[in-house]
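**Q** next come a sequence and a model predicted from it.
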There are 2 protein chains.
Amino acid sequence: MKKITIGEAARKSGVKVPTIRYYEGIGLLREPSRSEGNQRSYEQSDLDRLTFIRHARELGFEVEAIRTLLSLQDNPLQPCATADAIAKARLIEVEQRIRSLMALKAELEMMVEGCGHGRVDQCRVIEVLADHAQCTHHGH
Amino acid sequence: MKKITIGEAARKSGVKVPTIRYYEGIGLLREPSRSEGNQRSYEQSDLDRLTFIRHARELGFEVEAIRTLLSLQDNPLQPCATADAIAKARLIEVEQRIRSLMALKAELEMMVEGCGHGRVDQCRVIEVLADHAQCTHHGH
DNA sequence: CTTGCACCTCTAGCCACTAGAGGATGTAGG
DNA sequence: CCTACATCCTCTAGTGGCTAGAGGTGCAAG
């Protein structure tokens, strides 16, 4: 089994070196064995775990959720209801966030389109910010 | 001019009491006058400013951007190109974020739909997280 | 043997708040 | 006037998820 340095692990997993050490610190990643000179030495399974973590982070899962998902991965005979629930909860969050951002987009477009590039006292951007009643979307 | 306490200002502006003090600390809000007992006393103009700030924060503008927008509001004879640029930059950010979230949504839906509610070793959620190659969207 | 990069630990900083301790003030009722 | 009790005050520290930097050690190529 060949030794993988932290730098190599970073390149292969796409997780930055300090972030790998951080994940070890918070217990997402096991403490790897060390070389004689006290340098971390990883195996393929660590790379897999790092890739899992990176992917989950990109999907916006919080570290605590990832901790749960990893422990599920480590116990493959358990029912997957928990994993399902975590993913569903995240899906709902994402859907809400999209809706909210669409409303913001509409409002920002209104501001930008209405800007006549004149002076601030006629600027739609400042005006809309100052007067919330002008928003078409009142969800916020 | 009637005195507005910080609690009233919070209720009327929708900005929480500690956040108002925080905004004062970072110089977004002027230091208000004080009562004899050293309690903050606000005016209508402070409420307007707080509402402006809250609205801008809801639109996702960063505090530094808001600082700039507020200084523009204070100098209405300036050209509004800066305000326009800030709003446009934020619009582009929002559009990118929406695109990215749509991709995440698709991926999460795939995970959730594929989950047969069986055991973890057949769970699509865990599987997709572990194997990035299964993603249809490779933007991340 | 030296150069220079990658590694080590540790602390502090980022953003925009939020929480809590410990104490002072203001107000309504008795 | 006294007593509750909410609200206010300042100050420090914590949140999440890293990131930056200081100050030092290991290791491989030339």
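**A** Everything's here; your move.
**Q** tell me where the model's unsure across chain A.
**A** A:1, A:132-140 (pLDDT under 70).
**Q** contact partners for A:Met40?
**A** Just to correct that, residue A:40 is Arg rather than Met. A:Thr5, A:Ile6, A:Pro32, A:Ser33, A:Arg34 (C-beta atoms under 8 Å, 6 or more residues apart in numbering or on different chains). (C-beta placed from N, C-alpha, C; glycine too.)
**Q** how near is it to A:Lys12?
**A** 14 Å (C-beta to C-beta, to the nearest Å).
**Q** now swap in A:Glu58 and tell me
**A** A:Glu58 is 16 Å from A:Lys12, by C-beta to C-beta.
**Q** surely A:Val120 and A:Glu127 touch.
**A** No. In this structure, A:Val120 is not within contact of A:Glu127 by C-beta atoms under 8 Å, at 9.4 Å.
**Q** scan chain A for its longest helix.
**A** helix A:81-114 (DSSP state H).
**Q** got the angle between that one and helix B:81-114?
**A** 150 degrees (axes from the mean of the first three to the mean of the last three C-alpha atoms, to 10 degrees).
**Q** against which helices or strands is helix A:81-114 packed?
**A** helix A:63-74, helix A:124-130, helix B:81-114, helix B:124-130 (3 or more C-beta pairs under 8 Å, 6 or more residues apart in numbering or on different chains; DSSP states H and E).
**Q** a markdown table for these, including distance to A:Leu104 and mean neighbour count?
**A** Output for those, formatted as a markdown table (distance: least, C-beta to C-beta, whole Å; neighbours: other C-beta atoms under 10 Å in any protein chain shown):
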| stretch | distance to A:Leu104 | mean neighbour count |
| --- | --- | --- |
| helix A:63-74 | 25 | 17 |
| helix A:124-130 | 12 | 22 |
| helix B:81-114 | 5 | 18 |
| helix B:124-130 | 29 | 22 |
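**Q** tell me which of these sits nearest to A:Arg21.
**A** helix A:63-74 (14.6 Å; C-beta to C-beta).
**Q** how about that closest one, does it reach DNA strand C?
**A** No. Legend: contact between helix A:63-74 and DNA strand C by C-beta under 7 Å from any atom of the strand is lacking; minimum distance shown is 14.4 Å.
**Q** quick one, that helix and helix A:81-114 angle?
**A** 140 degrees.
**Q** quick one: residues contacting the residue lying closest to A:Arg124 once chain neighbours are set aside.
**A** Leaving aside its sequence neighbours, A:Arg124 sits nearest to A:Gly114 (C-beta to C-beta, 6 or more residues apart in numbering or on different chains; 3.1 Å). Contacts for A:Gly114 (C-beta under 8 Å, 6+ apart) come out as A:Arg124, A:Val125, A:Val128.
**Q** same question for A:Ile98.
**A** B:Ile98, B:Leu101, B:Met102, B:Lys105.
**Q** export the residues you listed to TSV and tack on distance to B:Asn75?
**A** Output for those, formatted as TSV (distance: C-beta to C-beta, whole Å):
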residue	distance to B:Asn75
B:Ile98	33
B:Leu101	37
B:Met102	39
B:Lys105	42
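**Q** need the residues of chain A near DNA strand C, please.
**A** Going by C-beta under 7 Å from any atom of the strand, the residues of chain A near DNA strand C are A:Thr5, A:Ile6, A:Gly7, A:Glu8, A:Ala10, A:Val17, A:Pro18, A:Arg21, A:Asn38, A:Gln39, A:Arg40.
**Q** fine by me, we can end here.
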